[in-house]
Every structure is written in structure tokens, then in C-alpha cells.
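Predicted model and sequence below, questions to follow.
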Amino acid sequence: MSGTQFSQVYGDQQQPTYGWAAYDSSGILSPFEFSRRANGENDITIKILYTGICHSDLHFAKNDFGMTTYPVVPGHEIVGEVTSTGPNVTKFKVGDKAGVGCWVGSCRACENCTQDLENYCPRAVMTFNANGFQPDLPVTYGGYSDKIVIDEHFAIVIPRNMPLEGTAPLLCAGITVYSPMMYYGLNRPNMHLGVVGLGGLGHVAVKFAKALGLRVTVISTSPNKREEAVTHLGADAFLLSHDPQEMLSAKGTMDGIIDTVSGDHPIAPLVDLLKVNGKLVCLGAPKSNPELPVFSLLMGRKLIGGSGAGGMKETQEMIEFAAKHKIIADVEVIPMDYVNEAMDRLAKGDVKYRFVIDIGNTLTH
């Protein structure tokens, strides 16, 4: 994307906006006033109603990745109501419900963009802290705010039958698990899928997998999640990952595994659970690189892959699939002024399974 294109898309900042931002690596958020650009020809302006709290919001607020530009307004699980449309907009009209996920821009011309893989564009613009990731990109502020302006290409149409608070997390967590299921072919009825971790990503992965007709086994270090996985979420089985006997009993039984865990953990025991030609897909990003079990891969023609969110076309498909099958995230709705307590609880894993901020009713200036 050229500088000229940047000036067209990220033009003069003309709409006063109110939100909450972290100002330093303490990660503590407090009120912040800034401006959004005027609504352009291809833009929509969205009055934000709900924003989910992703674990990456916490990481960026505290500069855990070493790339945060302060002040940072987190939030990339955004749903709201369209309040303005540019003259070239065709997907939305005023009053429609719209969503914004992890990306608000890309070059629109590279090989990845032309294949509807904007999330893998080298010039992809993150919904917040884009210039922290690539210094020559524009400053972007996320969904802990009262409005957002976005090119309609990067906005998602939200079906009217979907509860907005439960839909917001799907714009990150939902597409992050749905995309690898589609790409790696882990989407055929009666396949056996393992889901590692039962947090914000994991619980949504179970819901999508069951809707696709898969047999699902949740793999966790927490024995108290067994009943939650099977009784509440409908998983078919549960494995305690540090129980050698349980893990041995499932050896070589899974067509694929979706690993949602970001903390350091061994992957060799997971590879052992795969059938011949099985696939382990990593969605979390541990601080240290795990040891690669090469011999196990060779002897079973197994694959280890990764995946990062999804493009706009696939995200829209995911939302429509979720609407058809009544899939939403399990959420705890909180007021804006509870966000710092929520971040502390998130760091401790004390949430089932996603915090969602009620922006529309509780973000007051």
C-alpha cells in the first residue's frame, strides 16, 4: 500500500472519540480521548456496543511482545451498529449490525490479498497498535472505545438473530479456530479432533467441531474441566494431559489436534495421539520454542502446522455458519470501569470463557 493510499484510507482524523487506553507497561487502563478519521467514500462508522477481551489485549497493554506503542487502546472483537455509510458502500446501511475483527486494512494487491488471505498480507493493518508492529503503518486504536471507522471490506455483516455480546469473541476466537479446521481438512463428520486447552479459544473450538459433526476430545491439565467439557460443551471425551495412562489409552486415535495453549508445554505427547497422516495445528504462541519430535513425525507422516485468524471472506463464512448453528461464545459481560479487574482475572485464568465489555451502556464520557 502506497503512501497515497494510506492518506486516502487513513485521512484526517476528524471524529472525536472516547475510550480507555493503557499508557505504560503497567497495563492499567484509564480514559483516553482521541479522534477517528472522517467517514470516507468506502467507509462505515460503527457505534460500538460490545467488545471482547482477548488475551492478546492483555499482552499488548503490558508490552509483553516488546512492540506496544503507547497509549494503546486494545480490542479487536468488536460489534456494533452502523451509524454512517460512505457513498460507495454496498454491504451495509445505517442501522445494520457490523463487526470488526483483527484487521482493518491490507495492501489489497499482493498474492495473499487476492486469494482472500488479508490476514497474511505483509502490510496487514492490525485493528490496534498497527504502528507498533510495523512503525511505518498508521496509528490504530481498538474497540475499547465508543466508535470505529473502517473500510467496509474489513467489516463483517452480523446476522440479526445473533446475540451481540456472544458474537463479539467470534471475530477473533471464532475465526482463529474455524480457519484451521477448514484449511487442514479437520471438518468432516466422524473425524476425531483433539482440542488442547479449554479457554476462550478452546471452548469455541469444541462448539464448531461438534457443529461440523466431529468426535471431540478435550485435552487439559485441569481435572476440574472434565465435567465442563463433557456436560456443558458436549465434548465426547476428556484427557488429563499429565496422566500417562489416559494419554496412552488415546495414542494414535486422533485425525487432528487444535492446540490453543499459549503457555510453554511439550508437543511430543500430543503428536503421539495422532493417527498416521494426523495434523497438529498450533494456535498459541509460547515464549520458548518447543522441541520438535522429528522421529514421531517421520514414522507417522504427521504434520505440525500453524494458523493465524482468517481473511475477510472466511470470517464472514464463519459468522454465517455460527448463526446457522447457534454458536456463540460463553461470556461474562462487564462494565467498562471493571476492565482492570477483568485483566487481572484474565491473567489468572479466572473467566468462563471470555470477558465482553458492554461499551454501549457503560462507556460514559
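On my side now, so go ahead.

Centre-most residue in this protein?
Residue closest to the average C-alpha location in the chain (CA atoms, centre = their mean): Cys172, at 1.9 Å.

List the residues that contact that one.
Residues near Cys172 by CB atoms under 8 Å, 6 or more residues apart in numbering: 52, 54, 56, 76-77, 101-102, 309. Using the backbone N, CA and C atoms, a C-beta is placed for each residue, glycine as well.

if you set the cut-off to 7 Å instead, what comes out?
52, 54, 76-77, 101-102, 309 (CB atoms under 7 Å, 6 or more residues apart in numbering).

Just give me the closest of those residues to Asn190.
Among the contacts of Cys172, Ala309 lies closest to Asn190 (CB to CB), at 27.5 Å.

And the pLDDT at the closest one?
At Ala309, the model reports a pLDDT of 95.

same deal with Gln14?
87.

how many neighbours does it have?
Gln14 has 11 neighbouring residues, counting by other CB atoms under 10 Å.

One more: Thr315?
27.

For the residue nearest to it when sequence neighbours are not counted, which residues are in contact?
Nearest residue to Thr315, sequence neighbours excluded (CB to CB, 6 or more residues apart in numbering): Ile175, at 4.7 Å. Going by CB under 7 Å, 6+ apart, Ile175 touches 101, 309-310, 314-315, 318.

tell me which residues in the strand or helix carrying Ile175 are buried?
In the assignment (DSSP states H and E), Ile175 maps to helix 173-183. Buried residues in helix 173-183, counted by 16 or more other CB atoms under 10 Å: 173-182.

Output that helix in PDB with nothing but the alpha carbons.
Taking Å, rounded to 0.1, in the frame of the first residue of the first chain, the C-alpha atoms of helix 173-183 are listed here in PDB:
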ATOM      1  CA  ALA A 173     -11.500 -16.600  18.800                       C
ATOM      2  CA  GLY A 174     -14.100 -18.000  16.400                       C
ATOM      3  CA  ILE A 175     -12.200 -17.400  13.200                       C
ATOM      4  CA  THR A 176      -8.900 -18.500  14.800                       C
ATOM      5  CA  VAL A 177     -10.300 -22.000  15.400                       C
ATOM      6  CA  TYR A 178     -12.600 -22.200  12.400                       C
ATOM      7  CA  SER A 179     -10.000 -21.300   9.700                       C
ATOM      8  CA  PRO A 180      -7.500 -24.200  10.500                       C
ATOM      9  CA  MET A 181     -10.400 -26.700  10.700                       C
ATOM     10  CA  MET A 182     -11.300 -25.700   7.100                       C
ATOM     11  CA  TYR A 183      -7.800 -25.400   5.700                       C
END
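
What about Gln115, how many residues nearby?
11.

List the residues that contact it.
For Gln115, the contact set (CB under 7 Å, 6+ apart) is empty.

cool, Asp57 as well?
Here Asp57 is in contact with 74-75 (CB under 7 Å, 6+ apart).

just to revisit the earlier point, would you mind stating the distance between the residue nearest to Thr315 and Met181?
Distance, Ile175 to Met181, using CB to CB, to the nearest Å: 11 Å.

swap in Asp350?
Applying CB to CB, the value for Asp350 to Met181 is 28 Å.

Check the secondary structure at Phe208 for me.
Applying DSSP: H, G, I helix; E, B strand; the rest coil to Phe208 yields a three-state assignment of helix.

which residues touch it?
177-178, 181, 327.

and which of these is nearest Ala342?
Val177 (22.1 Å).

In space, what's closest to that closest one - neighbours in sequence excluded?
Distances taken as CB to CB, 6+ apart place Ala205 nearest to Val177, at 4.0 Å, with adjacent residues excluded.

And Asn277, by the same measure?
Arg301 (5.4 Å).

count of residues packed around the one you found?
Neighbours of Arg301 (other CB under 10 Å): 11.

That one and Leu274, how far apart?
Taking CB to CB, one finds Arg301 at 10 Å from Leu274.

Hmm, Ser262 and Ala285 touching each other?
Yes. Assessed by CB atoms under 7 Å, Ala285 is found in contact with Ser262 at 5.8 Å.

Quick one: residues contacting Pro335.
By CB under 7 Å, 6+ apart, Pro335 lies in contact with 358, 362.

Val351 contacts Asp344, doesn't it?
No. At 10.6 Å, Val351 does not count as touching Asp344 under the criterion of CB under 7 Å.

higher neighbour count, these two?
Shown here are Val351 and Asp344; by other CB under 10 Å, Val351 has more neighbours (18 against 12).

Can you show me the strands along the stretch 1-150 of the chain?
Counting by DSSP state E, counting those that start in this stretch, residue ranges of the strands within the stretch 1-150 of the chain are 13-22, 29-37, 43-52, 78-85, 97-100, 103-105, 125-126, 147-151.

quick one: the fifth one to chain centroid distance?
To tie it back to what came earlier, the one meant is strand 97-100. 14 Å (CA atoms, centre = their mean, to the nearest Å).

Now that strand - C-alpha only, PDB.
The C-alpha trace of strand 97-100 is given here as PDB (Å, rounded to 0.1, in the frame of the first residue of the first chain):
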ATOM      1  CA  LYS A  97     -25.200  -4.600  12.900                       C
ATOM      2  CA  ALA A  98     -21.500  -4.900  11.900                       C
ATOM      3  CA  GLY A  99     -18.400  -6.500  13.400                       C
ATOM      4  CA  VAL A 100     -14.600  -5.800  13.300                       C
END
